[in-house]
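A.B. asks: sequence? don't have it. structure:
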DNA sequence: GCCGTTTTCGGCCCGACTGTTTTCAGTCG
């Protein structure tokens, strides 16, 4: 319900902006703030009274009553009105780069343009160039923008797995030209999907950076450029923005371009409260530079704890940082082991048992669980016999890899009825098993939930691997009753995995945040099928930070291997 | 439309770039 209400409020914001333009910018922002407030609510809005809603920061009388109206009737009269006035095809025009509320209105009033298609015709007829506020250049730019977008007016967000390698290559290509080259933006905040890439270089001499940038193999076309800012795109149409900044101002620029926009606005407000000013060049008291060199300096000067980039979404981190009460989120160095690792014993593994163990040892792990696929995964699961052979092999290797503890386990397959690959006696022989859904992704919510919970109730199942089975941008998450799943995880003391594979990042961050609030244990796993993939846990950790997952909640951040079923991690202490 | 240990009314984040203008509006991030 909250998600639906939040979507309504976002739509209300967009349509209000369209109707009223910048004159009502503050109302637009109020709707957006309220939408975010709803997204971050612990409770379901449908269960809240109007009074309780008004008590939520960002929700006032007017929006509270609209939310109640929606809960009770399924409609918001004001939204229905706006929708009637601005049909979806028309609203789509707003998503064309270069078009905002003002120009879209002008197109409709002066030329009768009602859709992206209509705009295309108007451009072909040369009707835009004489429109006040437009011109020949604008007409050309819009034509290009439409062409780039295809028929739809919406710029696609791409899965992080598609974007991160490109961004990394670009950053590496710019190294050595200045003091630092990094990516910022939503990529640094580690969002699941990325709209465009922001690259930041600290260099006193701007020109060599800008020149090198244009020649990088990943850069196909430079679209616009000034002294310090260049906009380009890759051969696949991914937009890349480069900014070159003075090394002394790198921290301010990094904070600014990392965002999120909402987080930045709150930061600037804090600066104003102190009579200062914050922008991408620094934190200023009049002409005096209060802080600029590092992000840490800026947070400290504003009286805040440092906020890790993935948490910068204005979902309560500013308030907590001001009270010096941010949860200590898990860091890569906290991980003491990996509890979901494959070898070439199951067909999809690409490294031997010994190679994987070496890799784990090199990472300094105290323990590792070898969890090749259970036999029900037809293509590459291990029979009972093969499992026993592997166990004997591990037994022989234990001494060699001591003091690192090797757990022998399996990644079990959860059947549609919650059944597992082996009989109970055999399952009892494993040290540690994870279980996951690998088929029948489209079962109805109720059945899918029952299936998962049934697996959790089995004593051999210590963690649920990639609980939602999603592949970002490719396969949607399975439908689950999240509340029921979290309750079962607490009850059965079963951990939930954050799978570190870039295409999975599963649990989703918002579910992870709910889970740790309920006291659910988390494991951050590589699910590695090759030695270098053991390092993927770095992604898992950043993703976990988006979910505010504290170190104490992470089972494989504890010193020793998990032996018995663990306590509810937060038991007896305040929720993070 | 929301909000208030300086406010219940008057504020509400900041700068660059583009293209249209000839001093600036609109858009973007």
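C.D. replies: That came in fine, so what should we check first? On a predicted model such as this, the values are computed, not experimentally measured, just so you know.
A.B. asks: helix, strand or coil for the most centrally placed residue in chain A?
C.D. replies: Nearest to the mean C-alpha position of chain A, by Cα atoms, centre = their mean, lies residue A:191 at 2.8 Å. Put simply, residue A:191 is coil when judged by DSSP: H, G, I helix; E, B strand; the rest coil.
A.B. asks: nearest residue to it other than its sequence neighbours?
C.D. replies: Ranked by Cβ to Cβ, 6 or more residues apart in numbering and with sequence neighbours excluded, the top spatial neighbour of residue A:191 is residue A:160, at 6.8 Å. Bear in mind the C-beta positions are built from the backbone N, C-alpha and C, glycine included.
A.B. asks: would you agree that neighbour is in contact with residue A:502?
C.D. replies: Yes. At 6.0 Å, residue A:160 counts as touching residue A:502 under the criterion of Cβ atoms under 8 Å.
A.B. asks: tell me which of these two has more neighbours.
C.D. replies: When residue A:160 and residue A:502 are compared for neighbours, residue A:160 comes out ahead with 24 against 19, by other Cβ atoms under 10 Å.
A.B. asks: pLDDT value on that one, please?
C.D. replies: Looking at residue A:160, its pLDDT reads 94.
A.B. asks: how much space between it and residue A:307?
C.D. replies: 20 Å (Cβ to Cβ, to the nearest Å).
A.B. asks: go on, residue A:121?
C.D. replies: 48 Å.
A.B. asks: ditto for residue A:366
C.D. replies: 30 Å.
A.B. asks: need the residues of the stretch 151-300 of chain A near DNA strand B, please.
C.D. replies: Taking Cβ under 7 Å from any atom of the strand as the test, the list of the stretch 151-300 of chain A residues beside DNA strand B reads A:185, A:196, A:198, A:224-229, A:239, A:241, A:257, A:261, A:264-265, A:268-269, A:271-273, A:277-281.
A.B. asks: how many neighbouring residues does the closest residue to DNA strand B within chain A have?
C.D. replies: Closest approach between chain A and DNA strand B, counting by Cβ to the nearest atom of the strand: residue A:135, at 1.7 Å. Per other Cβ under 10 Å, the neighbour tally for residue A:135 reads 13.
A.B. asks: sorry, back to before: name the residues contacting each of residue A:160 and residue A:502.
C.D. replies: Taking Cβ atoms under 8 Å, 6 or more residues apart in numbering as the criterion, residue A:160 and residue A:502 both touch residue A:472.
A.B. asks: next, the buried residues of stretch A:186-196.
C.D. replies: A:186-192, A:194-196 (16 or more other Cβ atoms under 10 Å).
A.B. asks: need those residues in TSV with pLDDT, can you?
C.D. replies: Below are the buried residues of stretch A:186-196 laid out as TSV (pLDDT from 0 to 100):
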residue	pLDDT
A:186	94
A:187	96
A:188	96
A:189	96
A:190	96
A:191	95
A:192	94
A:194	92
A:195	88
A:196	90
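A.B. asks: out of those residues, which comes closest to residue A:384?
C.D. replies: Nearest to residue A:384 among the buried residues of stretch A:186-196, counting by Cβ to Cβ, is residue A:192 at 38.3 Å.
A.B. asks: grab the nearest non-local neighbour of the closest one.
C.D. replies: Nearest to residue A:192 is residue A:472, by Cβ to Cβ, 6+ apart, at 5.3 Å.
A.B. asks: go on, residue A:334?
C.D. replies: Nearest non-adjacent residue to residue A:334 (Cβ to Cβ, 6+ apart): residue A:557, at 4.2 Å.
A.B. asks: ok, residue A:514 next?
C.D. replies: residue A:486 (6.5 Å).
A.B. asks: next one: residue A:488
C.D. replies: residue A:453 (4.4 Å).
A.B. asks: which one's more surrounded, residue A:366 and residue A:307?
C.D. replies: The neighbour comparison of residue A:366 against residue A:307 (other Cβ under 10 Å) goes to residue A:307, with 21 against 16.
A.B. asks: mind listing what the more buried one touches?
C.D. replies: Residue A:307 touches A:263, A:299, A:317-318, A:321, A:326, counting by Cβ under 8 Å, 6+ apart.
A.B. asks: let me know the pLDDT of it.
C.D. replies: 96.
A.B. asks: wait, is it part of a helix?
C.D. replies: No. Looking at residue A:307 with three-state DSSP, it is coil, so not inside a helix.
A.B. asks: ramachandran angles for it?
C.D. replies: phi -110, psi 120 (degrees, to the nearest 10).
A.B. asks: same check on the one 5 residues further on?
C.D. replies: Backbone torsions for residue A:312, taken as degrees, to the nearest 10, come to phi -90, psi 70.
A.B. asks: do the same with residue A:76
C.D. replies: phi -120, psi 110.
A.B. asks: quick check, residue A:231 in a strand?
C.D. replies: Yes. Judged by three-state DSSP, residue A:231 forms part of a strand.
A.B. asks: isn't it right up against residue A:241?
C.D. replies: Yes. With contact defined as Cβ under 8 Å, residue A:231 reaches residue A:241; the gap is 5.3 Å.
A.B. asks: more crowded one of the two?
C.D. replies: Each of residue A:231 and residue A:241 has its neighbours counted (other Cβ under 10 Å); residue A:241 has more, 18 against 15.
A.B. asks: packing partners of the one helix or strand the more buried one maps to?
C.D. replies: Assigned by DSSP states H and E, residue A:241 falls within strand A:239-245. Using 3 or more Cβ pairs under 8 Å, 6 or more residues apart in numbering; DSSP states H and E as the contact test, the elements touching strand A:239-245 are strand A:196-202, helix A:207-215, strand A:229-234, helix A:250-258.
A.B. asks: now with 6 Å, please.
C.D. replies: strand A:196-202, strand A:229-234 (3 or more Cβ pairs under 6 Å, 6 or more residues apart in numbering; DSSP states H and E).
A.B. asks: where among those strands is the average confidence lowest?
C.D. replies: strand A:229-234 (a mean of 88).
A.B. asks: quick one: contacts of that one?
C.D. replies: A:210, A:213, A:218-224, A:239-243 (Cβ atoms under 6 Å, 6 or more residues apart in numbering).
A.B. asks: farthest pair within these?
C.D. replies: Top of the distance list for the contacts of strand A:229-234 (Cβ to Cβ): A:220 and A:243, 19.4 Å.
A.B. asks: between these two, who's got more neighbours?
C.D. replies: Neighbours per residue (other Cβ under 10 Å) separate residue A:220 from residue A:243, with residue A:243 holding more: 20 against 14.
A.B. asks: hmm, residue A:200 and the more buried one touching each other?
C.D. replies: Yes. Using Cβ atoms under 6 Å, residue A:243 makes contact with residue A:200 at a distance of 5.3 Å.
A.B. asks: where does pLDDT dip in chain A?
C.D. replies: Along chain A, segments meeting pLDDT under 70 span A:22-23, A:150-155, A:564-576.
A.B. asks: most remote residue from it's center?
C.D. replies: residue A:130 (43.7 Å).
A.B. asks: in a helix, it, correct?
C.D. replies: No. Read with three-state DSSP, residue A:130 is coil and lies in no helix.
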